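A.B. asks: Fold the following.
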Amino acid sequence: MPRMTPSEAFVETMVAHGVTDIFGIMGSAFMDAMDIFPPAGIRLIPVVHEQGAGHMADGYARASGRHGVVIGQNGPGISNCVTAIAAAYWAHSPVVMITPEAGTMNMGLGGFQEAHQLPMFQEFVKYQGHVANPNRMAEFTARCFDRAMSEIGPTQLNIPRDHFYGDINVDIPQPQRLDRGPGGDSSLNAAVELLSKASNPVIVSGGGVIMADGVQEVIALAERLGAPVVNSYQHNDSFPASHPQWCGPLGYQGSKAGMKLISRADVVLVVGSRLGPFGTLPQHGLEYWPDNAKIIQIDADHKMLGLVKKISVGICGDAKAASVALSQRLATMQLACDATREARAAEIASEKAEWEKELDAWTHEKDDYSMDMIAEQAAEAGNWLHPRMVLRELEKAMPKDVMVSTDIGNINSIAHSYLRFERPRSFFAPMSFGNCGYALPTMIGAKAAAPERPAIAYAGDGAWGMSMGEIMTAVREDLPVTAVVFHNRQWGAEQKNQVEFYGRRFVGGLLDNPSFASIGESMGAEGIVVDDIEQVGAALEKAVDMQMNGGKTTVIEVMCTRELGDPFRRDALSKPVRYLEKYKDYV
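C.D. replies: This next block holds a predicted model:
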């Protein structure tokens, strides 16, 4: 076996796994390995804050399908990453979190930057590798990279800082990849039996379709069935929007057309989705989930089958391979839905046209609070734009092959109705963890993975404040992106709860911010302020042109009204009850 140092074994194992980029902030804990990153062909991309590094690794992994790698100094540098790794966990991103740790001779003594780093991440990683001996450096490094792919999620590689040094004899392990199958014959045959008798099947295309590179296979299956296809929540890129059978996303601020169509299904084929509870909540006043339909669920993780929704058939298999297997079985069969193909196609087209017409007419929110805010702001200095009109204009101006990330917030969620994509690995939303400060760093990471694609981040002014410092990273590291900041001077999603449940008593919800375009300019980016609806599309087109042809990062600051869409979680709050006399009016 070749003689090398543990640092060399660590770096060479990453090279074997195709690592070319790592996000983080330099530190003494891993400096011996970092010193040989350049000759190994590895670029360390220095960030402003380690949470940003974690989100960048997430975006990199989601855009490329490869590992995203993040590293930081032991202690505070590592604890700063916890939120980002939690977000990557719920996005099923193959992120490897490398956590250099305090030296073994100092552990337990309360030394500088000492912390128990494995417990920090245990809830949010699929596997934790701890290098207990320098001779096992390559073994645990390889295992963490392998498990990130096989378990489809983040892993943690914990390395005491003194274990980078020494002399070891070691072979560098080569990557191991699983060949996932379509599922068992009995479950596939049971699914075919249900589908063959279905008169009105509907397909839910989820994130697993993207991870399996199975979009074309789902298209073939949908075309065989003539079935409408809806995207699972925050996976708008799991089926091409130009396809006549695409009907938009389910979940919060999703497609009313898709919701109406799935409500009439007699069989629902769920491909690559766990059917998370937030993604099937009632919306637009519709209780759309078809409780009496037969549900067929395909997921690579058997633990997800039937977890949230009652199912009739569960297929533990790869979304792509299972779609192929079903298509092959259905190809020559006579299906009940064949007789209704033309009628269902007409129904799909009609519902979609009606929804698009409604979106065109839905220029602003019409609830009492929003109307009050619109009237109030009409008397203010400046011009304030309706968010829905802005989102529609942004949709029209979107470049081809675009990648878009959204942050958490009211306007960002409303954007789900307007974001349409033609290829997978194009939409990056914070998924179930729902943390603010997500969009910008995630899109910077995606840009690092796919520099040839336009990269656009959406954020509200509250969430923007958490991560806008990473504009410096984008400028300094030549990773140009375009950020659209909706400046409405409030924490919109939570303030909507104060409108609905707490009598418009705004505690901590109102924001008074300086110009974000000017702040962007101070960090070396271009800044554009938009307060005219006619300028929206032109501003985006200009910014994307500067990004793709001039290598420029741009902050587009859109001045928006304080109107608000539906509450994020009607199911999560109740009308307040007060018993003490001094609180009697707070109901």
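
A.B. asks: What segments of the stretch 351-500 of the chain are strands?
C.D. replies: Using DSSP state E, counting those that start in this stretch, the strands of the stretch 351-500 of the chain run over residues 403-406, 427-428, 455-460, 482-487.

A.B. asks: Out of the ones you listed, which is closest to Lys197?
C.D. replies: Counting by CB to CB, Lys197 lies closest to strand 427-428 out of those; the figure is 34.2 Å. For glycine as for every other residue, the C-beta is placed from the backbone atoms N, C-alpha and C.

A.B. asks: ok, back up a step: for Leu394, find the nearest of the strands of the stretch 351-500 of the chain.
C.D. replies: Set against Leu394 and scored by CB to CB, those come closest in strand 482-487, at 6.7 Å.

A.B. asks: thinking again about what came up before, of the strands of the stretch 351-500 of the chain, which is nearest Leu580?
C.D. replies: Ranking the strands of the stretch 351-500 of the chain by proximity to Leu580 (CB to CB) places strand 455-460 first, at 34.9 Å.

A.B. asks: Show residues contacting the closest one.
C.D. replies: The contact list for strand 455-460 (CB atoms under 8 Å, 6 or more residues apart in numbering) reads 398, 402-407, 409-412, 415, 439-440, 442-444, 446-447, 467, 480-486, 488, 491-492, 540, 544, 547.

A.B. asks: Just the buried residues from those, in PyMOL please.
C.D. replies: Provided next is the PyMOL selection string for whichever of these are buried by 16 or more other CB atoms under 10 Å:
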select buried, resi 398+402+403+404+405+406+407+409+410+411+412+415+439+440+442+443+444+446+447+467+480+481+482+483+484+485+486+488+491+492+540+544+547
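
A.B. asks: Would you agree Val558 falls within a helix?
C.D. replies: No: assigned with DSSP: H, G, I helix; E, B strand; the rest coil, Val558 falls outside any helix and is strand.

A.B. asks: centroid residue for the protein?
C.D. replies: Nearest to the geometric centre of the chain sits Ala429, at 3.0 Å (CA atoms, centre = their mean).

A.B. asks: following the least confident helix or strand in the chain by mean pLDDT, which helix or strand comes up?
C.D. replies: Lowest mean confidence among the helices and strands of the chain (mean pLDDT, DSSP states H and E): helix 492-501, at a mean of 89. Using DSSP states H and E, the helix or strand that follows helix 492-501 in sequence is helix 516-522.

A.B. asks: Okay, buried residues for stretch 307-321 please.
C.D. replies: Buried positions in stretch 307-321, judged by neighbour count with 16+ other CB under 10 Å: 307-309, 311, 313-321.

A.B. asks: where in the chain is pLDDT low?
C.D. replies: 569 (pLDDT under 70).

A.B. asks: What strand or helix carries the closest residue to Leu188 other than its chain neighbours?
C.D. replies: Sequence neighbours aside, Ala325 is the residue nearest to Leu188 in space, at 5.4 Å (criterion: CB to CB, 6 or more residues apart in numbering). According to DSSP H and E, Ala325 maps onto helix 319-330.

A.B. asks: Now tell me what touches that helix from outside.
C.D. replies: Outside helix 319-330, the residues that touch it by CB under 8 Å, 6+ apart are 180-183, 188-189, 191-192, 195-196, 206, 208-209, 211-214, 217-218, 220-221, 224-225, 269, 271-272, 298-300, 315, 317.
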